[in-house]
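K.L.:
Structural data only, the sequence is not supplied:
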């Protein structure tokens, strides 16, 4: 014989299941973060794992390491639910979290290449003589979008090679004059090595780092993520060696 249940109990069960579904998307897929070697998991990977475990919504990791553009394609196609570490930009039509960290992009020169210190403004006469290494992809502010499209602002643009060490070698061997990069690589160097490089003062761009979500992820869940981000920020919890966000 079939056992019958009161209607209120059935409705309660359905409502409870729906609430659980809203609280944690199932699945909740993303990619690992690797260090510069591409072999070991990074501090950022540990952070995202701990963050979503604390939220009560563990991540499901896809175990390979595609380029950023490929990761974003998977996000657009709803084959993953989130990507941590992206910058919000006009070209990215995702749902974004509040900023959970921040780092700074500047142009760097060799300590001995003092002529580039004469750059005073964007696209001035001195800047137009420089061979500049910049990231091949990714949004780093409107000025860099202009630099990528306006060929008159530099003598030549070179895409940043994989691995910061190769870019630094290009500077040392006079194959390039300036390197556009986050300040994180300089922080991670031994002090005696970091002294070889000087940041140009005329340009600074703060990069607020966020989590991007696929369109399938509910606004309620993103609000839950934002609440935890804001609590961590209020407590002064930094993500790895990045700064706390100044806004956003």
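P.N.:
It's in. All values derive from a computational prediction rather than experimental measurement.

K.L.:
May I have the secondary structure class of residue 170?
P.N.:
helix (DSSP: H, G, I helix; E, B strand; the rest coil).

K.L.:
nearest spatial neighbour of it, skipping sequence neighbours?
P.N.:
Nearest residue to residue 170 in three dimensions, chain neighbours excluded: residue 176, at 4.5 Å (C-beta to C-beta, 6 or more residues apart in numbering). For glycine as for every other residue, the C-beta is placed from the backbone atoms N, C-alpha and C.

K.L.:
Now do the SS call for that neighbour.
P.N.:
coil.

K.L.:
The nearest residue to residue 233 once chain neighbours are set aside: neighbour count?
P.N.:
Nearest residue to residue 233, sequence neighbours excluded (C-beta to C-beta, 6+ apart): residue 244, at 5.9 Å. If you count neighbours by other C-beta atoms under 10 Å, residue 244 ends up with 15.

K.L.:
now do residue 190
P.N.:
Residue 190, neighbours per other C-beta under 10 Å, totals 7.

K.L.:
where do the helices sit along this structure?
P.N.:
Ranges of helices within the chain are 7-23, 43-54, 68-76, 142-149, 164-172, 184-187, 191-194, 219-234, based on DSSP state H.

K.L.:
on contacts alone, who are the packing partners of the fourth one?
P.N.:
Using 3 or more C-beta pairs under 8 Å, 6 or more residues apart in numbering; DSSP states H and E as the contact test, the elements touching helix 142-149 are strand 131-134.

K.L.:
contacts for the strand it packs on?
P.N.:
Contact with strand 131-134 is made by 107, 140, 144, 147-148, 154-160, 167, 170-171, 175-180, as judged by C-beta atoms under 8 Å, 6 or more residues apart in numbering.

K.L.:
Please repeat the previous calculation with a cut-off of 6 Å.
P.N.:
If you take C-beta atoms under 6 Å, 6 or more residues apart in numbering as the criterion, strand 131-134 is touched by 154, 155, 156, 157, 158, 160, 167, 176, 177, 178, 179, 180.

K.L.:
That one pairs with which strands, parallel or anti?
P.N.:
Next to strand 131-134 in the sheet, as set by DSSP bridges, lie strand 156-159 (parallel), strand 178-182 (parallel).

K.L.:
how much distance is there from it to the middle of the chain?
P.N.:
Relative to the mean C-alpha coordinate of its chain, strand 131-134 is positioned 20 Å out (C-alpha atoms, centre = their mean, to the nearest Å).
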